[in-house]
Every structure is written in C-alpha cells, then in structure tokens.
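**Student:** Predicted model and sequence follow; I will ask about them next.
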Amino acid sequence: MIKIPTVAELQSQGKSPEILFWVGCAGSYDDRYKNVTRSIVKILNGAGIDFAVLGDEESCTGDPARRAGNEFLFQMQALSNIQILNGYGIKKILTACPHCFNTIKNEYPELGGKFEVLHHSEYIQELINTGKVKLKKGGEFKGKKITYHDSCYLGRANNIYEAPRSVLEQLDSDLVEMERSRKKGFCCGAGGAQMFKDAENGNKEVNLERADEALGKKPDFIAAACPFCMTMLSDGVKLREQEDKVKVLDIAEFVEKQQEK
Amino acid sequence: MSLIPQAIFIIILGIFGFILFRRFSLIAKLIGLGKESPNKVDPSKAFKRMMLFAFGQKQMFDKPVLGILHFFIYAGFILINIEVLEIILDGILGTHRLFAPYLGSLYTFLISFFELMAILVFVACLVFLFRRLFVNVPRFHSAEMTKWPKLDANLILIIEILLVSAILLLDAADQNLQGRGIEGYAETGSFFFSAGLSFLFDPFSDGSLVVMERGLWWFHILGIFGFAVYVSYSKHLHIFLAFPNAYYAENDPEGKMNNMPDITREVELMMGMPASSEGDPPESFGAKDVDQLSKLSLLGAFACTECGRCTEQCPANQTGKKLSPRKIMMSTRDRMEDLGKNKDFDKGDKTLIRDYISEEEILACTSCQACVEACPVQINPLEIIFELRRYLVMEESKTPTEWTSMMTNIENNAAPWAFPAAERFSWANELKNTEE
C-alpha cells in the first residue's frame, strides 16, 4: 500500500518528516506531470524514505509572478509559504521542479526561509549511490539512446549538470549529448513566465527549435528534469509527429520503471 | 634638441589629458546615476573574479583560436604601453630612448620583445578585420549591428594596425639612423625585428630620414592619444571597464533574482507580520529609466564591447524574436550617452523603456541566463530586463492578458493555472486508487 502522508497528519501523531516533498503546481495539476509525481512517490516508498507532502497547504512559490515582474505577488506567496514551512519546522525539501527548487533554495533565504533544498535528480542519485534505490539489471532502457535536455534553472542557474546524467547512465543506456548542452544548453522556451503566455513574434518557436535538435540525435527517449521542459519538448515532438517513436520522460520515470521493488 | 617640440608635446599631452579626464568623469557620473546594487561585494571573491575573467580572460578561451588571438592583442596592449611610457617621457624631457643607457642589453631585449608583441597584434587585428569584413559570422550582423557599431568595430582594428605598424617602422628608421651614426640616435644594439626592416630606409638621405623618424614618432604618439579619446566614446571602452565590471559582478547563483526589501516590508505589514526592515514606503518600483537601474547594470553597459556572444546564445534571438541581450546593453548605454549631452542629465520626455527598449523585447525573454553565462566580462543583461518588467507590471499594470490571468490564478487558487485549490492534492487519491 502506497503511503503519501501529509505533514499535518504526521504532526497530529507528534512526528515530523525527515524530508518534505514539494510537489509544485505542475506536479499537482498537470496531467502529464502528475505521473512524475507518482514516480517520485513510488521511489520514495520503495526506498523507505521518511517523507511527507504539504497536500492542500502547498501553494505556488511565486516564481512565475516574480519573473513576470510582479514582486508583490511573489513576496505574498513566498512569505506565506515560508510561514507554513517554518511553522512545521521543515528543514529539508525535495522538489522535482527546477523553478520551485531555484526559488526556495536561492530566493527564500533572504525572506526568512532557510532550508536544505534538493532537486529530485540530485536526491535520486544519492539514493542510488547509498544503495537505497537499487536498479534492475538490463531492462527497458538498456542500450537505448537517451538525450538529456538541461533545464536552465537546474543547469546554468544552479550548476546541476552531472546528477541527472549520472542517474541516466545507471540505466545502461546510451547517453548522447546534443550540441548545445550543459552551460550552453538551449532553453525549452518556457522560463521567465513564458510558459503562461504566447511567444512574441519570431520565425520559430523555441521549443520546436530544441525538439528538432533533440530529434536530430535520433534518440529513443528525451530525458527532462523539469515540468515546463517536459511540456515544451513533448509539444515539439508531437508537432513533428514523432511521439510514437520518441518518448519524453522525466529522470524519475526512468528510475521508477527500473527500481527493484 | 630644441625646446619647442618639448613645449608642444607637453601642451598636447595636457590637452589630451584634460579631454580624457572630462570624458571619464562624465562616464563616472552617468554610472553614478544608478542605484546601489543590493548585493554586497566580497573583496576576496571579487578580486579573484577580476583576475580570472578580466586579467586572465578565462572565458575568452571558450573559443580557443579567437581567445588566443584576442590574448595577443590584449597582452600587446599592456606590454607595449611600457614602451609608450618611455615615449611620453622622451617627449616631455626632450630625450631619445631615455631608458636605453640604464638598461643596456636588457633594453635591446625588451624592445625586441615589444616588437614581437606588435607583430602578433598586427596579425591578430588583420585576422579579426578580415573576419568582420569577409566571413559570415552571424553575431556580427544581427539587427542591432547597424552602421555605427560595425564601423566602430572596424575602425578600432584599423587604428590598432596603423599604430603597431608605426612603432615597427619607427624602430626600423631608428635602427637605420643608428647605423649611420647620426647624432642623437645612440647605439642600442640590434632590435630583433626592426633591424630586418631597416633596409627600407636605405635610399633616403640622412636629413630626410631624420624627418621621417620624427614624423613616425609624432604620428605614433598622437595616434595613441587620439585613440585613447576615441576608445572612451567607443565600444572599445571594455579594455578598462571589464576590470571593475568583473570585480563588482554578482557572485550569487545565476538563477537568483535581486530581492526588493521595500516590498517585503509592505507585504509583511499587509499580512500582519512584524516588519523585517525599516523605511518609508517605496516611491517607485522597477526601472523606467537608467537612474532606476543599479550602478552595476550601468557599468555593464559601458563595459560591453558588443561581441554578441550573449545574443548568439539567446533562445529568443535565435528563433527570430526581437530580443537581443547585446542590444539591451547597447540601448542602456545609448540612453546614458544621450543623458550626458543634456544639461544636468535632464531626461526630457524620453524613457529607457519604449524609447530605447521596447516592451516586445523584454517580453520575449525566457530568463534562461544563457546571455549571463556567455558574457566574457560578466555583464548581466537579464537584470535590466527584469527591472523593466517590474516597472511595467507594478507601475503601469501593463502585462499581456495571459500573464494577468496567470497572476490572478496564483492569487485565487495558489497555482498559475485555473485549477481549484481544493483539488491540489487529488493526485494522491488517484495514485492510491490505481495502486490498490
């Protein structure tokens, strides 16, 4: 039986979790990305991690409001989130969204929210390294060509380039790099609140440009580590009618499928 | 030697010194219009950053061949300036090769070494000029690279080629005169490179060769003075300002946006929390014009040498959007240069937003930080874009309608999409149901 305790439930039992899983808006509402949330919960359950979620008490970090220029709204979100997190005595936060990750890790401290924040790619790597997550030998991804797309807010913003790659390498897959990767990784087009509006006039959509670059590598899978990148790349692959041949998956989905239960 | 050339030299030196002093004072005042940067500078980290990025040119070597050629010009510029110091002292004191008697054979070695540098500068500048004129490098031809920015870039290279040619020919004429034993041209030993060029001057009489040598000497030093003034108006200002820019550049993770403590205080009071800082309610939000940007952003605008490595990496620009991070820096500088022409920096009826940078440009940014990462001297165009966005949203309530909906959604249902807040945790039930 899968366990998804909320922090409030644990508190009523006089307990607090070792790590809070910050699900994020996409992880809560986006039909495609909910599957990533499920994968993470299954990984955590399988590894026997003492975690909890905020459930209904979670709220947008304020990142898109801040990037769009609305500092008031951002600070309202941030301060009320920090109040809740501090109220529960949360010390360590895990999240799958690089935007939530960046905001909580880098922008909440000066507003009074000081937490240890981990992106799920780092955390999963740690779980694999410490043997808490064991991967089946062989399996679905063995020898499969995977190309990893760097999320801007994970890579350039926070210098996390290797963790997602090293997780993918554990799958015995054939990891291929796009020309524009790591520090020169090409954006999916969704950051800076672009996710929530149409692009300005141009000659190509950013996500299509990136999907084309990824498809050019003839991969079996495109790996993402961000809900926005996931949407943008999936849309691009669909537009090129390649969705039957090339699947866009999150790091957590790869691992969950191969995790020894 | 007659005192007249000395007097003329000192007067010219004074005039150029005065022009340069006025120009740099103006630049300092224009940068001073900006707000204090909210970030504290950690001197040891800042110094390290300056040594790495400005002095050491670390990031220039991301493109290795260009990095090496650029390094030749840079090293040549710094080292040859030691010789320029001697030339200026000669001009003031009426001496010729002042240091030669004191340094002896070391002098011969040093001048030979400077000549090697001059040749490397000459070659590198020629390659760069050829690249700019005849090779299709997209970043040299983006929309903002209009007539003047292109001409500026080419002029810099042409002037540098002329100046290093002058110094080589000057040395060659000097070598030839030394060989003839002309008075005033004391034996310095044979310079490694110009000795080989000395034959060029063989056909000339003693008298006309002295005139030529003096002519080259004056051409070279006046050229340097003139170039120094030109540089202060040109994109080439980066040779000085890359250093302070790298020093003061922020050291935060690139993804972190600057906080606005004034707003924190207002929000805290609104939410009935104790205020974490003291102060009056803020007068304005974000940046409508350059005086509302940070000093660091303004310094960056003067430090930008318009190389376009930022624009080359910008996903918006590369997919045909109007945004170019380089143009953000160029427009910010243009605005400051225009203010500098007005009495008391009067702003008139223009503003940075709209008159210099359009809404369309800043709305196209994905905040991916590729521009910030790409800049060899650590300029941050993204900060300007964010400050302009803050102005538009918080002062003019001017946002695309989709953004207005996104913000309303966050306010009402705690998520940027229009899903009911009560369903935020439904995914858990869905998961439990499917797994049972």
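**Tutor:** Structure's in. What do you need? Predicted, not measured: the structure shown is a model, and the values here were computed from it.
**Student:** Isn't B:Ile12 up against B:Gly226?
**Tutor:** No. Between B:Ile12 and B:Gly226 there is no contact under CB atoms under 8 Å: 10.3 Å. For glycine as for every other residue, the C-beta is placed from the backbone atoms N, C-alpha and C.
**Student:** Domain map for chain A?
**Tutor:** Residue ranges for each domain of chain A read A:7-125, A:135-258, as given by automatic domain parsing.
**Student:** just chain B next, same as before
**Tutor:** Split by automatic domain parsing, chain B gives B:3-247, B:293-399, B:400-436.
**Student:** deepest of those domains, which one?
**Tutor:** Greatest average neighbour count among the domains of chain B goes to domain B:293-399 (a mean of 22), per mean count of other CB atoms under 10 Å in any protein chain shown.
**Student:** Now do that domain: distance to the chain's middle.
**Tutor:** Taking CA atoms, centre = their mean, to the nearest Å, the mean C-alpha location of domain B:293-399 is offset from the chain mean by 15 Å.
**Student:** among the domains of chain B, which is nearest A:Asn129?
**Tutor:** Closest to A:Asn129 of the domains of chain B, according to CB to CB: domain B:400-436, at 26.6 Å.
**Student:** at contact distance from chain A, anything in that closest one?
**Tutor:** Yes. Shown here: domain B:400-436 in contact with chain A (CB under 8 Å from any CB of the partner chain) through B:400, B:402-403, B:405-407, B:410-411, B:414-417, B:419, B:421-428, B:430-432, B:435-436.
**Student:** Tell me both backbone torsions, phi and psi, for residue 48.
**Tutor:** Here I'm looking at chain A. phi 70, psi 40 (degrees, to the nearest 10).
**Student:** What of A:Leu171?
**Tutor:** phi -90, psi 10.
**Student:** And it, how close does it get to chain B?
**Tutor:** According to CB to the nearest CB, to the nearest Å, A:Leu171 and chain B sit 23 Å apart.
**Student:** ditto for A:Val176
**Tutor:** For A:Val176, the distance to chain B equals 21 Å [CB to the nearest CB].
**Student:** Tell me which residues touch that residue, please.
**Tutor:** A:Lys145, A:Ile146, A:Thr147, A:Lys217, A:Pro219 (CB atoms under 8 Å, 6 or more residues apart in numbering or on different chains).
**Student:** For it, give me the pLDDT.
**Tutor:** With respect to pLDDT, A:Val176 scores 97.
**Student:** Give me the secondary structure label for the residue nearest to B:Gly189 when sequence neighbours are not counted.
**Tutor:** Sequence neighbours aside, B:Thr108 is the residue nearest to B:Gly189 in space, at 3.7 Å (criterion: CB to CB, 6 or more residues apart in numbering or on different chains). At B:Thr108 the chain is in helix, as set by DSSP: H, G, I helix; E, B strand; the rest coil.
**Student:** Am I right that B:Thr108 is in contact with B:Glu187?
**Tutor:** No. The pair B:Thr108 / B:Glu187 is not scored as a contact, 9.9 Å apart, by CB under 8 Å.
**Student:** quick one on the thing from earlier: most widely separated two among the contacts of A:Val176?
**Tutor:** Farthest pair in the contacts of A:Val176 (CB to CB) is A:Ile146 and A:Lys217. Separation: 9.4 Å.
**Student:** which of those two has more neighbours?
**Tutor:** A:Ile146 (22 against 15; other CB atoms under 10 Å in any protein chain shown).
**Student:** Assign a three-state SS to that one, would you?
**Tutor:** State at A:Ile146, reduced to three classes by three-state DSSP: strand.
**Student:** Next, work out how far apart it and chain B are.
**Tutor:** Taking CB to the nearest CB, one finds A:Ile146 at 22 Å from chain B.
**Student:** swap in A:Ile82?
**Tutor:** 10 Å.
**Student:** Need the nearest residue in space to that residue, chain neighbours excluded.
**Tutor:** A:Gly113 (3.6 Å).
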